[in-house]
Each structure stands twice: as C-alpha cells, then as structure tokens.
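A.B. asks: prediction below, plus the sequence it came from.
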Amino acid sequence: MSTAASKREEALGKLVEAKALQGEDGTISAENTPAFDAIMDEFRALDAEAGKLSKTEGNADTLAERFAEYTGKATGTAMTFQRTVLDSSAPRSLGEQFVSSKAYKELQESGALASENSRFRSDPVIADSRIAGRSFQGAATDIIQTETSGPSNALVLPHYLPGILPLPQAPLTVRSLFANENMPSGDTISYAAQTGFDNAAAAVAQAVAADGSGASGGVKPQSSIAWTRRTAPAETIATWMATTRQSLSDASQARSLIDNQGRLMIKIEEDDQLLNGNGTSPNISGILDQVGIQTLDLTGEDNLDGVRTARRLVKTGVSRLDPTFIVLNPEDSEEFDLLKDGNGQYRGGNPIGNFNFNQPIWGLQRVESESLAQGTALVGARAGATVFDRQPLTVLTADQHADFFVRNLVVILFEERLAFPVYFPTAFVEITLGDFTDGS
C-alpha cells in the first residue's frame, strides 16, 4: 500500500478517536473539548499530508489498489474512468491497439480478470475510425465456447493460436468513399445542400450605348445557384457481445475478438445507415433518402451501358462533380464480371489472367455492399458528402450486466457516433438495373 494510502488510514483512525468523544446527542462536553480539538488538528495534518502525497505519487497507485480503495465490496456501482485515446496514425488494427493500451494492461495487472470476486469496468479505449482502413471477417456474436456443449472457457487452451483467426476482408466500405472528418462540437451539423444551378454565363460585347440598357449597353447576364438549409444529426451505432474473463485475459483472443467480430458488425450497420438510413432518429439520413438524388431505370436496357449513362448524369447534373465510385450488391457485382460478348468472351477480361475482382467499371471505383439491395446500383462523387465522427469507434469492457459477474462473463461494448451531411444530392444516381440476360 502506498504512503498516501497509509496516511489516509491514519487520518481515518483519528476520526474514529474523535467520534468516540462525542456524546449520544452528537455534542462534545467541555472536559472532552481540548482532546477533541487536538485529535481533529492531527486529522487535518494527516489529511493534508495524504493529499500532497497523492498528488506527487500520481499514477503510481495500481489499478488493484484503486479498486480496493473505492469499491470495497462488490456492489456493481458504475465507476468513472479516464478515456484512453489511441494514435490514429498507428498502422495497427483496433484489436492490436486495444490489447496494447494502458487500460487493458492495467486491467490485466489488477488481477480483476483472474479473480472471481472482483468487479470492474475498463477505461473506454477510443480509436480513430479511419485508422488503417481495416475490417475483418467474423461470425458468432457471443464468443463464449467453441461448441454448444463445451465448457465456457474452451477457447483458453495452451498454445491455441491465435484464438480466433484474423481473416482479412476487402478494406473498402461505403465510409471509405467519402472524406472523413472529426465533428468538434454539438450534436448536429447545419449545412447548405445545393438544389439548383442556373448558368447564364455568356460572351458580352463592349458597351456602345450610354444608357446601359439592352445588349448595346454591355449588360452582363445573371446566374444563380439554389441552396437549401439542412441538418444532419449525430447518431449512435453500437453493439455488444459476451465473452469470458479467461478469453479477455488472453491478449491474442481479445485482439481477434475485437477485429474479427465487433469492428465488422459496426461496419456492416454503418454501411446500411450511410446508404439506406431513413432520417428518423436514431437513423441517419442516408444517400438513398436524400431529396434531389437522380434516378435511372435500366429495365430492358444494357446495364454496362447504363452505368456509363449514370456517370454522365453525375458529371452534367446540378452539382457538376466528377463521379468517382459505384456501389453494387455482391450478386450484381458478380453478374457484371460474368458478362460475355457475342463470341462468348468475358467483357471484363480474361478470368484466368490478371483479373481483378475489384476492377473499376467505366473508371469508377467499385465497392460491394450487402446493404445495397440486389438489382440496385449507386453511382456517385466523393465530394458529394462527408462522414463526421462525433465519437470515434470506442471499445469498453465490463462485467456489470445481469448475472455476468457470478458467471465469469464479460461484456465488450462497441459504439460510435457519426453525422452524414450530403451537400450535393444530384451528385448521386440510383440505378434500377435491368436483367442480366443476353449479354446485358
């Protein structure tokens, strides 16, 4: 125990001595007053000394000591901790940063994960949501055991590597198609969305008349751009899963659990919100919900030709922005790859040669997302919108849920808050694809 803690115990002892000098009615008799005052003077001196020592010792107290000092018995009362912000430039996954963070190391060193009688809640570990652009494949929501009838700590085996395999997934997501910024304050973003573009620019002859009227007066034509004020609220995307204390204490398993499962779950919902959010809280207003988005129906038309048309609509629409991407459902993306010409040759290139599954279509970066309905495609421009992070992706662990404490289970919570202003609705074209038949 630290010196500061010892002084606090001595100070507490003095309070006990002083309390004993009080009468039943809480008053101090005249004969006990000198002794009472002397004890209180000692208490104040010890209390002041403990305060000074606490300031100088700072973080020297271990997490275990803080638990013992402030929680006492296992009451389940929520506690407030300092936030741990991770380096947004570090080329490591969220799971790797979590297990190397000060919060996780202190949690392991405290012995809370190994004890059946200690309760805890970790520091929030916050990672910049744009870090490394990684996401990973995963499956089960609650990683508690390896089989239905297996023991709850079945994942904790000697030399079990790496716990849960970190299978890499294509890094591109809908978020990656737009600029990503931090939202410094507030819960909403008020912005101007362009709704009109009236270009009256023309060659103007030199004035030949003094009255300034008509073409002879050299009058310049007036153009206008129409804007409307819109609001994008910051909304929360979150999920949690259960694991065991033993699994969380294994760094490789904790890292894989976060990278394989939690991060992927958040990204899947993130894609859905950015594309399909209906704007009714707690949903954000996604691209397909925007008033003014362009549409193109390719029923009975060639889909490949239609994508080229959509590219032109973005370029020549009100926004005049350069199109940069196309979002496709994986099944429709496959159909584009399987398109053949009249000679039976694949229109996208030789699949046995240097074929690229993410190859662009008409120069547009291709992103596959299951959140986009089959039979629909989206062509758009990067500059048309921005993703603002009000709270970057955060990981928090605790056992203060239901009966998890007595079952040695732990909650891992993932959450983020973001806003999505769409400045140029006409920079996006929603395509209704035609049937992929007869080479279309």
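C.D. replies: Everything's here; your move.

A.B. asks: just the C-alpha atoms of the helix or strand containing residue 11, please, in PDB.
C.D. replies: Assessed by DSSP states H and E, residue 11 sits inside helix 3-20. Coordinates of each C-alpha in helix 3-20 appear next as PDB, following Å, rounded to 0.1, in the frame of the first residue of the first chain:
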ATOM      1  CA  THR A   3       2.300   6.100   1.700                       C
ATOM      2  CA  ALA A   4      -0.600   8.200   0.700                       C
ATOM      3  CA  ALA A   5      -3.000   5.300   1.500                       C
ATOM      4  CA  SER A   6      -1.300   4.800   4.800                       C
ATOM      5  CA  LYS A   7      -1.800   8.400   5.800                       C
ATOM      6  CA  ARG A   8      -5.500   8.200   4.800                       C
ATOM      7  CA  GLU A   9      -5.800   5.200   7.100                       C
ATOM      8  CA  GLU A  10      -4.200   7.100  10.000                       C
ATOM      9  CA  ALA A  11      -6.500  10.100   9.300                       C
ATOM     10  CA  LEU A  12      -9.500   7.700   9.400                       C
ATOM     11  CA  GLY A  13      -8.200   6.400  12.800                       C
ATOM     12  CA  LYS A  14      -8.200   9.900  14.200                       C
ATOM     13  CA  LEU A  15     -11.800  10.500  13.100                       C
ATOM     14  CA  VAL A  16     -12.700   7.300  14.900                       C
ATOM     15  CA  GLU A  17     -11.000   8.600  18.100                       C
ATOM     16  CA  ALA A  18     -12.800  11.900  17.800                       C
ATOM     17  CA  LYS A  19     -16.100  10.200  17.200                       C
ATOM     18  CA  ALA A  20     -15.700   8.300  20.500                       C
END
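
A.B. asks: and that helix, what does it pack against?
C.D. replies: Packing partners of helix 3-20 (3 or more CB pairs under 8 Å, 6 or more residues apart in numbering; DSSP states H and E): helix 33-57. For the C-beta atoms, the positions are set from N, CA and C on the backbone; glycine is no exception.

A.B. asks: for the helix it packs on, what is the distance to the chain centroid?
C.D. replies: Computed by CA atoms, centre = their mean, to the nearest Å, the separation of helix 33-57 from the middle of its chain amounts to 47 Å.

A.B. asks: could you give the angle of it to helix 3-20?
C.D. replies: Angle of helix 33-57 versus helix 3-20, following axes from the mean of the first three to the mean of the last three CA atoms, to 10 degrees, is 160 degrees.

A.B. asks: mean confidence for helix 33-57?
C.D. replies: Average pLDDT, helix 33-57: 82.

A.B. asks: next, the distance between the ends of stretch 192-208.
C.D. replies: The first and last residues of stretch 192-208 sit 41 Å apart, counting by CA to CA, to the nearest Å.

A.B. asks: buried sites along that stretch?
C.D. replies: If you call a residue buried by 16 or more other CB atoms under 10 Å, then stretch 192-208 has these buried ones: 193-195.

A.B. asks: host element of residue 238?
C.D. replies: Using DSSP H and E, residue 238 falls in strand 235-244.

A.B. asks: which residues touch residue 379?
C.D. replies: Contacts for residue 379 (CB atoms under 8 Å, 6 or more residues apart in numbering) come out as 307, 310-311, 313-314, 323, 325-326, 364, 428-429, 431.

A.B. asks: residue 189: which of those residues is nearest?
C.D. replies: Using CB to CB, residue 428 is the member of those that lies nearest residue 189, at 18.5 Å.

A.B. asks: report the central residue of the protein.
C.D. replies: With distances taken as CA atoms, centre = their mean, the chain has residue 393 as the residue nearest its mean C-alpha position (3.2 Å).

A.B. asks: run the angle between the helix or strand hosting that residue and strand 235-244 for me.
C.D. replies: Taking DSSP H and E as the definition, residue 393 sits inside strand 386-398. If you take the same axes, to 10 degrees, strand 386-398 sits at 30 degrees to strand 235-244.

A.B. asks: in the stretch 251-400 of the chain, which spans are strands?
C.D. replies: For the stretch 251-400 of the chain, the strands defined by DSSP state E, counting those that start in this stretch occupy 294-297, 325-328, 365-368, 376-380, 386-398.

A.B. asks: quick one, which of those gets closest to residue 52.
C.D. replies: Counting by CB to CB, residue 52 lies closest to strand 386-398 out of the strands of the stretch 251-400 of the chain; the figure is 33.1 Å.

A.B. asks: whatever helix or strand comes next after that closest one - contacts with which helices or strands?
C.D. replies: Heading C-terminal from strand 386-398, the first helix or strand you meet, by DSSP H and E, is helix 404-407. Packing contacts for helix 404-407, counted by 3+ CB pairs under 8 Å, 6+ apart, involve no helix or strand.

A.B. asks: how about helix 404-407: buried residues?
C.D. replies: Result for helix 404-407 [16+ other CB under 10 Å]: buried residues 404-405.

A.B. asks: tell me the strands beside whichever helix or strand comes after that helix, with direction?
C.D. replies: Scanning forward in sequence from helix 404-407 by DSSP H and E, the next helix or strand is strand 409-419. Strand 409-419 has the following strand partners under DSSP bridges: strand 235-244 (antiparallel), strand 386-398 (antiparallel).

A.B. asks: out of the ones you listed, which gets nearest to residue 95?
C.D. replies: Comparison of the strands paired with strand 409-419 against residue 95 by CB to CB identifies strand 386-398 as nearest, at 8.7 Å.

A.B. asks: could you give the average pLDDT over that closest one?
C.D. replies: 87.

A.B. asks: any weak-confidence spans in the stretch 151-300 of the chain?
C.D. replies: 151-172, 209-217, 260 (pLDDT under 70).

A.B. asks: which stretches in it count as helices?
C.D. replies: All helices of the stretch 151-300 of the chain, identified by DSSP state H, counting those that start in this stretch, fall at 245-249, 251-257, 263-276.

A.B. asks: among the ones you listed, which is nearest residue 99?
C.D. replies: Using CB to CB and comparing the helices of the stretch 151-300 of the chain, the one that lies nearest residue 99 is helix 251-257, at 4.3 Å.
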